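Trainee: need coordinates for the following:
(chains A, B, C and D)
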2 protein chains.
Amino acid sequence: MSVRPITPGSNAERSRVYNRGLVLEHIRQEGVAGRAEIARASGLSTQAVSNIIAELVKDGWVYEAGRRAGQRGLPAVTYAIQGKAAIAFGVEIRPGALLGALIDLEGRLLFSDRRAVTDAAPGTILPLAKDMLDRALDQAGKGRGSLMGAGAVMPGPFGQTGLSGQATDLPGWDAVDPVQALSEALDVPVTVENDANAAAMAERVSGVAQGLSTYAYLYFGTGLGLGVVVDGEIYRGAFGNAGEIGHIPVPTPQGAAALEDVASRIALGRILAQGGRPGDTVEDLARAHQDRDPIYQDWLDQARPALGHAVHVIENLFDPESIVLGGAMPAPILAELAETLPLPQSSIAHRADRMIPRVLPGTAGRMTATIGAAALVVNTHLSPRLSLGA
Amino acid sequence: MSVRPITPGSNAERSRVYNRGLVLEHIRQEGVAGRAEIARASGLSTQAVSNIIAELVKDGWVYEAGRRAGQRGLPAVTYAIQGKAAIAFGVEIRPGALLGALIDLEGRLLFSDRRAVTDAAPGTILPLAKDMLDRALDQAGKGRGSLMGAGAVMPGPFGQTGLSGQATDLPGWDAVDPVQALSEALDVPVTVENDANAAAMAERVSGVAQGLSTYAYLYFGTGLGLGVVVDGEIYRGAFGNAGEIGHIPVPTPQGAAALEDVASRIALGRILAQGGRPGDTVEDLARAHQDRDPIYQDWLDQARPALGHAVHVIENLFDPESIVLGGAMPAPILAELAETLPLPQSSIAHRADRMIPRVLPGTAGRMTATIGAAALVVNTHLSPRLSLGA
DNA sequence: ATTGAGTATTCAATATAATTGAGTTAATTC
DNA sequence: GAATTAACTCAATTATATTGAATACTCAAT
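Mentor: Numbers count the residues shown, from 1 in each chain, chains lettered A, B, ... in the order given. Coordinates of the predicted model:
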């Protein structure tokens, strides 16, 4: 607020970055594309597209992918993205562990690792992260030249606007600017995000949301988070804290309760523990699901209407193309939820001409957010927005 | 979906439009501003800002507003917006009436009118609208040269993406493309929006949201709508139907009910009618409020927690700077609601360092959306986004 | 009063990248 | 085989932003 962020003006160079992103975005969405086709889609002249493509070929980001036949006229030379041309690193910092992942332009996972830590203070984490990046590059056989940057996932809230105020869950990080600390330690530009937003990006770069540009992601992590992607860009709100869906009240037979007290991973783990079953790990939950444990069924019976309510609210307020369910939950549970959620008929999303399912199961597992951290970087290059001054 | 909107590429001319908008936006927010200051805020060179200012002065959009003293160095020449340099027309098409408004760059109302119609079909409305525009220009003493464009408010949903599907509430408009029909009839570029979004813009151009760029607007119209403005731009969602807050379920003592069945203008009118009081017009409601009619009190008792719940959801999902209450409700009722709404403590918006109230009373009255229609046009010129291809 | 530092501004030259228009190539259709 | 259509290239032009040098004005220190 008080510190107004510089809204960057445009000039020739920034236009080029932006237009280059448009070209890449189009190629990615179509798989292969010709120059004239890209020109029509972007409103640029064919000459401009030609120049940009030439630059991209020179940089190795795209390659010639044959000619398109069938039509009249000169067959178009098509181009495709050279995934391995560029890579991005992602780290996830949690109280008990440091996770890392390396992906390429097409979202392929080249490396992943997990290190347990007893102390997540910057002094411990930063050198570990640098180490992990070096090993990742080494193992993937890549040099720093092709590294676009790094993303980091940390428990929020962190002050997007400089005014943090609230304490983070990570001891020792209150006084530290994570972006600066990580940029220096890793020696690359760093983006910091919360888990739900990062996971949402993972789905766009390599997962089930590849064809989508405006969608929501319900993330099962510690609690329940909502990542919203609008036109290929993460929606953060005025203070960077949008998507706090875990605390919204949902109706239950016992009266209103917070969504994440009813429908989260923690909620399931808790009632399993109350019933004398193990419920701490993803595997515990998977077993409860597979055995059709009556306690799991109890959770499902209360989680389903609660999540259905959440879907209703998300659909009516955000009007997304679809809602993805993902995160630290066993894949079969996500699939079951996605298939059997009670979807309100009265929602604006309930339509006959709908092509995409209203709810989609996304990537499951503990690495989702970590991969998402790396996906953040890929996304800025593949669908840039001028307003971000990328 | 199938029809991908052309994401326009950037070039020198579009950059200029965009940068020109940045300059205007800065001047508007500051009241008066010097060139070097604008250059710092926008990242543009002072020379670029100088050129843009020269152009704006030539066009009459800004004027020299004295020199800034007090500092060291050469006193900066400051500039301010010449409100009367450009105007915008807004129309609101309803089943029973046609409303029109003319505002200038600074949001001042130059003309407003209301014509009752028995038939809202295009054949009736279009000539009437043209007539109203001509009279508006005449009465304000303005020529068409200073008219930037027109905005129109209609009952949605209309297919942003070409696929309408759902019937509109306006008979005769199903088969017509409103943008094209109105553009031809009025002979200016036309933007079409729903009432809540338009009203939200009215608040930004001339109302209580002038300093805000990301906020939400709860619009009391027929039912209850939500307009969301993100970074100065209307949030529409993937299919143009975002903000349908009226149908989301809220807890009541009698179980869950749709928000607009509990807290809307219609709901108040209905229970007043059930109690034998008149409740059709805004004046009826104002009287019930002023007399502290027990039926009004009943409505208030159920509307307050329901709206409080809505505020909670909006705050946690959108994280706005503030939420504005406005529309076809008597101003005293809006003020009472804004003051006495139960605001959840658990929301991310509940913070010590907050400068702006969480809930603000906005413009009341039946013309809000009509003025908003005109405000849409002003806003595109005063805070353009390159992605919109303005 | 004089000097120096700091800020705003202008002028002229340069740079970047997009557009335009004419011409070329290669396929399909008639 | 000619006409048509579509993709593409080349060279020239254009729009706009940036850069660097020079100038103007004011406050503060000497």
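Trainee: report the closest residue of the stretch 101-250 of chain A relative to DNA strand D.
Mentor: residue A:189 (19.9 Å; C-beta to the nearest atom of the strand). C-betas here are computed from N, CA, C, even on glycine.
Trainee: surely that residue meets residue A:183?
Mentor: Yes - proximity of residue A:189 to residue A:183 meets the contact threshold set by C-beta atoms under 8 Å, at 6.2 Å.
Trainee: chain center to the longest helix along chain A: distance?
Mentor: Of all the segments of type helix in chain A, defined by DSSP state H, the longest one is helix A:294-318. What separates the centre of helix A:294-318 from the centre of its chain is 22 Å, taken as C-alpha atoms, centre = their mean, to the nearest Å.
Trainee: hmm, back to that, for the residue of the stretch 101-250 of chain A closest to DNA strand D, what are its contacts?
Mentor: Residue A:189 makes contacts with A:149, A:150, A:183, as judged by C-beta atoms under 8 Å, 6 or more residues apart in numbering or on different chains.
Trainee: next, count neighbours for the closest residue to DNA strand D within the stretch 1-150 of chain A.
Mentor: Residue nearest to DNA strand D within the stretch 1-150 of chain A: residue A:73 (2.1 Å; C-beta to the nearest atom of the strand). Counted by other C-beta atoms under 10 Å in any protein chain shown, the residues lying close to residue A:73 total 6.
Trainee: quick one: it is in a helix?
Mentor: No - counting by DSSP: H, G, I helix; E, B strand; the rest coil, one finds residue A:73 to be coil, located in no helix.
Trainee: so it versus residue A:67, what's the distance?
Mentor: 12 Å (C-beta to C-beta, to the nearest Å).
Trainee: do I have it right that residue A:223 meets residue A:264?
Mentor: Yes - using C-beta under 8 Å, residue A:223 is in contact with residue A:264, at 5.4 Å.
Trainee: what's the mean pLDDT across stretch A:199-215?
Mentor: Averaging pLDDT along stretch A:199-215 yields 94.
Trainee: can I get it as CSV, trimmed to CA atoms?
Mentor: Output in CSV follows, covering the C-alpha atoms of stretch A:199-215 (Å, rounded to 0.1, in the frame of the first residue of the first chain):
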residue,chain,number,x,y,z
ALA,A,199,1.1,-26.5,-6.8
ALA,A,200,-1.4,-24.8,-9.1
MET,A,201,1.5,-23.8,-11.4
ALA,A,202,2.9,-27.3,-11.4
GLU,A,203,-0.4,-28.4,-12.9
ARG,A,204,-0.2,-25.8,-15.6
VAL,A,205,3.3,-26.5,-16.7
SER,A,206,3.2,-30.3,-16.7
GLY,A,207,0.0,-31.6,-15.3
VAL,A,208,-3.7,-31.7,-15.9
ALA,A,209,-4.1,-27.9,-16.4
GLN,A,210,-1.9,-27.6,-19.4
GLY,A,211,-4.6,-26.4,-21.7
LEU,A,212,-6.2,-24.1,-19.1
SER,A,213,-5.5,-20.5,-18.4
THR,A,214,-8.0,-19.6,-15.7
TYR,A,215,-8.6,-22.3,-13.0
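Trainee: which parts of it are buried?
Mentor: A:199-209, A:212-215 (16 or more other C-beta atoms under 10 Å in any protein chain shown).
Trainee: what do you get for stretch A:289-303?
Mentor: A:289, A:293, A:295, A:296, A:299, A:300, A:302, A:303.
Trainee: and the closest residue to residue A:272 other than its chain neighbours, what is it in contact with?
Mentor: Once flanking residues are discounted, residue A:272 sits nearest to residue A:279: 3.1 Å by C-beta to C-beta, 6 or more residues apart in numbering or on different chains. By C-beta under 8 Å, 6+ apart, residue A:279 lies in contact with A:268, A:269, A:270, A:271, A:272, A:273, A:285, A:288.
Trainee: on the three-state scheme, residue A:279 is what?
Mentor: Secondary structure for residue A:279, judged by three-state DSSP, is coil.
Trainee: same deal with residue A:332?
Mentor: helix.
Trainee: tell me where the stretch 51-200 of chain A has strands.
Mentor: Chain-ordered strands for the stretch 51-200 of chain A, with DSSP state E, counting those that start in this stretch as the definition, fall at A:62-68, A:76-81, A:87-93, A:97-104, A:109-116, A:147-153, A:190-193.
Trainee: pLDDT on the third one, on average?
Mentor: Translated: strand A:87-93. The average of the pLDDT scores along strand A:87-93 is 97.
Trainee: go on, the fourth one?
Mentor: Confidence for strand A:97-104, expressed as mean pLDDT, is 97.
Trainee: again with the second one
Mentor: What strand A:76-81 shows for mean pLDDT is 97.
Trainee: put the alpha carbons of that strand into PDB.
Mentor: Extracted C-alpha coordinates of strand A:76-81, given in PDB (Å, rounded to 0.1, in the frame of the first residue of the first chain):
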ATOM      1  CA  ALA A  76       3.900 -23.800 -43.300                       C
ATOM      2  CA  VAL A  77       7.100 -24.600 -41.500                       C
ATOM      3  CA  THR A  78       6.100 -25.600 -38.000                       C
ATOM      4  CA  TYR A  79       8.100 -25.200 -34.800                       C
ATOM      5  CA  ALA A  80       8.000 -27.000 -31.400                       C
ATOM      6  CA  ILE A  81       9.500 -26.200 -28.100                       C
END
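Trainee: does it reach DNA strand C?
Mentor: No - Strand A:76-81 stays clear of DNA strand C (C-beta under 7 Å from any atom of the strand), getting no nearer than 10.4 Å.
Trainee: that strand: which residues count as buried?
Mentor: A:76, A:78, A:79, A:80, A:81.
Trainee: what's the per-residue pLDDT of the residue of the stretch 251-390 of chain A found nearest chain B here?
Mentor: The nearest approach of the stretch 251-390 of chain A to chain B comes at residue A:319, 2.7 Å away (C-beta to the nearest C-beta). Note on residue A:319: pLDDT of 95.
Trainee: wait, isn't it in contact with residue B:226?
Mentor: No - Residue A:319 lies out of contact with residue B:226 (C-beta under 8 Å); the separation is 11.0 Å.
Trainee: who touches both of these two?
Mentor: Shared contacts of residue A:319 and residue B:226, defined by C-beta under 8 Å, 6+ apart, comprise B:242, B:243, B:244.
Trainee: nearest to residue A:53 among the residues you listed?
Mentor: Comparing the shared contacts of residue A:319 and residue B:226 against residue A:53 with C-beta to C-beta places residue B:242 closest, at 35.4 Å.
Trainee: looking at this, the closest one is in a helix?
Mentor: No - using three-state DSSP, the assignment for residue B:242 is coil, not a helix.
Trainee: tell me how many other residues surround it.
Mentor: 26.
Trainee: before we move on, what about the one 4 residues further on?
Mentor: Residue B:246: 22 surrounding residues under other C-beta under 10 Å.
Trainee: please list all residues in contact with it.
Mentor: B:223, B:224, B:225, B:258, B:259, B:260, B:264.
Trainee: mind checking how far the fifth one is from DNA strand D?
Mentor: Residue B:259 sits 45 Å away from DNA strand D, taking C-beta to the nearest atom of the strand, to the nearest Å as the criterion.
Trainee: I figured that residue hits residue B:244, correct?
Mentor: No - with contact defined as C-beta under 8 Å, residue B:259 does not reach residue B:244; the gap is 10.2 Å.
Trainee: alright, calling it a day.
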